[in-house]
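*Asks:* Sequence and predicted structure, then a few things I'm wondering about:
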Amino acid sequence: SPQNLTMTSTAVAVAFPVPSITADPQSVVTACEDAELAGQIGPSAAGDELRFVELAELAALLYLSEYTHARHLYRRYSSTLSDDTTNPELHQFALLWNAAKLMIDSNYACAFEKLDACVNSGMQPLATYSDEVRTSYRESIIAKVLVGGYVKISIDVCRTMLGYAGVQGDEMVTMLKGRGWSVSGSTYLIPCEEEGNAEDEDEETEVDAPDHGDRIRELADLVGFMERSKLNL
């Protein structure tokens, strides 16, 4: 739509509402921060078209496991959140935050329950973003918690930690066996050592993401100014 806000980052041009966060999540974060700084959040002036800037930013940060930055984002808008469904942008942001805070606390089972609820809500773009975040979160748990952290792990515990507690059949076991894991007896899984070694190599060659500290402070100052302006009206 011509009314859609488009922000240009150093990597790609990002148009809101963002259809997906997976292609270049860092560029989505940068474009969302630019939109915040420019005051271009909320429905557009032309036609009140919904853009979901805050939601896309939260989803992209979760996808990248940037939990500290996600918490800062929530704090910038926490005073405006409620269960009021008349503002779809803030309502969907609040629903995803309900999952995010559990992810941050490593409450795996409850986090997946909330993500599943977001996916099954049918609300867009919440459902799409949440499905993408759920996949990334599952990958992160496998790589950073299970591989290297366990010699073997109960299948039932693994189901809970990876959000398969309510899934029937052998979908999880089949997925893990495809990654080189093996089954011990009928109740335990043994992680793939090669997968752990690959993860270590990735960490050694990983380039640090840009420092968002200054931008976070700038955004916090901007939101604080906006809140004070409202109080003085």
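*Replies:* Good, I have the coordinates. Residues are numbered from 1 along each chain as shown.
*Asks:* wait, what's in contact with the residue nearest to the spatial centre of the chain?
*Replies:* The centroid of the chain falls nearest to Leu62 when counting by CA atoms, centre = their mean (2.5 Å). Taking CB atoms under 8 Å, 6 or more residues apart in numbering, we find Leu62 in contact with 70, 96, 100, 103, 133, 136-137. For glycine as for every other residue, the C-beta is placed from the backbone atoms N, C-alpha and C.
*Asks:* which one of those residues has the most neighbours?
*Replies:* Comparing those by number of neighbours (other CB atoms under 10 Å), Val133 comes first, having 28 neighbours.
*Asks:* which other residues reach the strand or helix carrying that one?
*Replies:* Val133 belongs to helix 126-141 when elements are defined using DSSP states H and E. The contact list for helix 126-141 (CB under 8 Å, 6+ apart) reads 19-22, 55-56, 59, 62-65, 92, 95-96, 99, 103, 108, 111-112, 115-116, 118-121, 161-163.
*Asks:* can you rerun that using 6 Å?
*Replies:* 21-22, 59, 62-63, 65, 92, 115, 118-119, 121, 161-162 (CB atoms under 6 Å, 6 or more residues apart in numbering).
*Asks:* can you give me how far that helix is from the chain middle?
*Replies:* The chain centroid and the centroid of helix 126-141 are separated by 7 Å under CA atoms, centre = their mean, to the nearest Å.
*Asks:* now stretch 79-97
*Replies:* With CA atoms, centre = their mean, you get 16 Å for stretch 79-97.
*Asks:* What residues of it count as buried?
*Replies:* 80-81, 87, 89-97 (16 or more other CB atoms under 10 Å).
*Asks:* tally of neighbours for Pro19?
*Replies:* Counted with other CB under 10 Å, Pro19 comes out at 13.
*Asks:* Now do the SS call for it.
*Replies:* Put simply, Pro19 is coil when judged by DSSP: H, G, I helix; E, B strand; the rest coil.
*Asks:* so how far is Leu126 from it?
*Replies:* In this view, Pro19 and Leu126 are 13 Å apart by CB to CB, to the nearest Å.
*Asks:* Do a quick rundown of the strands in the chain.
*Replies:* Remark: strands assigned in the chain by DSSP state E are 6-8, 13-15, 153-154, 182-184, 188-190.
*Asks:* for the third one, what is the average pLDDT?
*Replies:* Pointing back at strand 153-154 there. In this model, strand 153-154 has an average pLDDT of 93.
*Asks:* got the contact list for Pro88?
*Replies:* Taking CB under 6 Å, 6+ apart, one finds Leu50 in contact with Pro88.
*Asks:* what about Arg76, distance to Gly166?
*Replies:* For Arg76, the distance to Gly166 - CB to CB - is 34 Å.
*Asks:* do the same with Leu126
*Replies:* On the measure of CB to CB, Leu126 and Gly166 end up 20 Å apart.
*Asks:* Just want to know which of these two has more residues nearby.
*Replies:* Leu126 (22 against 10).
*Asks:* List just the nearest of the buried residues of stretch 79-97 to Leu189.
*Replies:* Leu96 (30.0 Å; CB to CB).
*Asks:* For that closest one, give its distance to Val133.
*Replies:* For Leu96, the distance to Val133 - CB to CB - is 8 Å.
*Asks:* Would you convert the contacts of Leu62 into CSV that also reports distance to Arg179 and pLDDT?
*Replies:* Below are the contacts of Leu62 laid out as CSV (distance: CB to CB, whole Å; pLDDT from 0 to 100):
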residue, distance to Arg179, pLDDT
Ala70, 27, 96
Leu96, 28, 97
Ala100, 26, 97
Met103, 22, 97
Val133, 20, 98
Ser136, 16, 97
Tyr137, 16, 97
